[in-house]
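Asker: I would like to see how this sequence folds:
(chains A, B, C and D)
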Number of protein chains: 2
Amino acid sequence: MDTTFTAQDYLVKYGIKPSVQRIAIMEYLMKHRTHPAADEIYEILLECIPTLSKTTVYNTLKLFAEQGALQVLGIDERNIRYDIDTSRHAHFICLGCGKVYDLAVEGLDRLILKEEFFMTEMHLYYKGYCKCCQSKENQKTENRETN
Amino acid sequence: MDTTFTAQDYLVKYGIKPSVQRIAIMEYLMKHRTHPAADEIYEILLECIPTLSKTTVYNTLKLFAEQGALQVLGIDERNIRYDIDTSRHAHFICLGCGKVYDLAVEGLDRLILKEEFFMTEMHLYYKGYCKCCQSKENQKTENRETN
DNA sequence: TTCACTGCAAATCATTTGCAAGGCC
DNA sequence: GGCCTTGCAAATGATTTGCAGTGAA
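Answerer: This is a model prediction of the structure:
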């Protein structure tokens, strides 16, 4: 659908002046819908842009968020996670591997606050274990039981 | 309903050995349903227990959470907030004053995950401005417009 | 005596800030 | 030239950890 929609287009759309660093970070976010933290982005991009500074990654992500180009997730207590999908959807974090999954939850719009508070954001966060880590946990338990 | 239900009872109920510090922290949580952060608890209790250490507050809150005596809130990016009400309900944080409000949201139980993931926790967080801070914001805007 | 609880000091770690250098219009 | 962007180094601030002293059973 958006084969010709580049990272640079995306930046311009949100009123962000493109630069090598900004394009690289946006490209990473567009390619990896894994809700990466700043450090992950930094570590990977360092291979292509050896002069990249972590400060720039932090500043850039903050800028993107302020401009509405991405949504900030508070689901992970350790790191701020970022989601390029700014539509209303839920998130699941696996307490085993730390992966954050997107979740389409029906009826989310029904939960919008209308009275008493002026709502600017709404987040539905789930925590637990993904399929992969569940089986690992089971293995551990089994091992414990047989020991 | 629970006029005779003391902080100490509460601790014992959750298998936590009482101590002066633990009782004081639990009492604070029971009296102030404001979802305080560790530092707030520390600052206030210091008046009664001058030897209290912040480490003890952190350790105690962590212990309480592990024992299921309170729920950990990730709604505030700056501080961990704690809620003695462990029943399923939503939270609203005011971006103006930082207060965290409890919210009864109908249909929350319908959002429980049953497939694909093993869910251990579920949080519905709202952000925005409370009545009080809305009016302050409006005043500011009015001032701006008349200047 | 033992063991859990406490509290100080230091460490950790993500994020922010100050500031100087470089680059672009 | 002036402003915006970048990046280093240092600061910040919440939380954790190491460890030694204390107190209770």
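
Asker: For DNA strand D, what's its nearest residue on chain A.
Answerer: Closest residue of chain A to DNA strand D, CB to the nearest atom of the strand: A:Ser53 (2.6 Å). No exception for glycine: its C-beta is placed from N, CA and C like everyone else's.

Asker: near DNA strand D, which residues of chain A show up?
Answerer: Residues of chain A lying close to DNA strand D (CB under 7 Å from any atom of the strand) are A:17, A:19-22, A:49, A:51-53, A:55-56, A:59-60.

Asker: From DNA strand C, how far out is the residue of chain A closest to DNA strand D?
Answerer: Separation of A:Ser53 from DNA strand C (CB to the nearest atom of the strand, to the nearest Å) stands at 8 Å.

Asker: Ok, A:Gln8 next?
Answerer: A:Gln8 sits 13 Å away from DNA strand C, going by CB to the nearest atom of the strand.

Asker: now A:Leu46
Answerer: Counting by CB to the nearest atom of the strand, the gap from A:Leu46 to DNA strand C is 14 Å.

Asker: Tell me, how many residues neighbour the residue in chain A positioned nearest to DNA strand C?
Answerer: Closest to DNA strand C within chain A is A:Ile80: 3.3 Å, counting by CB to the nearest atom of the strand. Neighbours of A:Ile80 under the rule other CB atoms under 10 Å in any protein chain shown: 17.

Asker: now do A:Asp85
Answerer: 12.

Asker: Contact partners for the residue nearest to A:Ala24 when sequence neighbours are not counted?
Answerer: With sequence-adjacent residues excluded and distances taken as CB to CB, 6 or more residues apart in numbering or on different chains, A:Ala24 is closest to A:Leu45, at 5.3 Å. Applying CB atoms under 8 Å, 6 or more residues apart in numbering or on different chains, we find A:Leu45 in contact with A:24-25, A:28, A:52, A:57.

Asker: repeat that for 10 Å
Answerer: Taking CB atoms under 10 Å, 6 or more residues apart in numbering or on different chains, we find A:Leu45 in contact with A:21, A:24-25, A:27-28, A:52, A:56-57.

Asker: neighbour-wise, which of those leads?
Answerer: A:Ile25 (27 neighbours).

Asker: Where does that residue sit: helix, strand or coil?
Answerer: Assigned state for A:Ile25: helix (three-state reduction, DSSP: H, G, I helix; E, B strand; the rest coil).

Asker: re the thing from before, need the contacts of A:Leu45 in JSON lines (columns: distance to B:Cys94).
Answerer: What follows is the contacts of A:Leu45, written out as JSON lines (distance: CB to CB, whole Å):
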{"residue": "A:Gln21", "distance to B:Cys94": "35"}
{"residue": "A:Ala24", "distance to B:Cys94": "36"}
{"residue": "A:Ile25", "distance to B:Cys94": "31"}
{"residue": "A:Glu27", "distance to B:Cys94": "36"}
{"residue": "A:Tyr28", "distance to B:Cys94": "34"}
{"residue": "A:Leu52", "distance to B:Cys94": "37"}
{"residue": "A:Thr56", "distance to B:Cys94": "32"}
{"residue": "A:Val57", "distance to B:Cys94": "30"}
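
Asker: Need the residue closest to the centroid of chain A.
Answerer: In chain A, the residue lying closest to the centroid (CA atoms, centre = their mean) is A:His35, at 2.3 Å.
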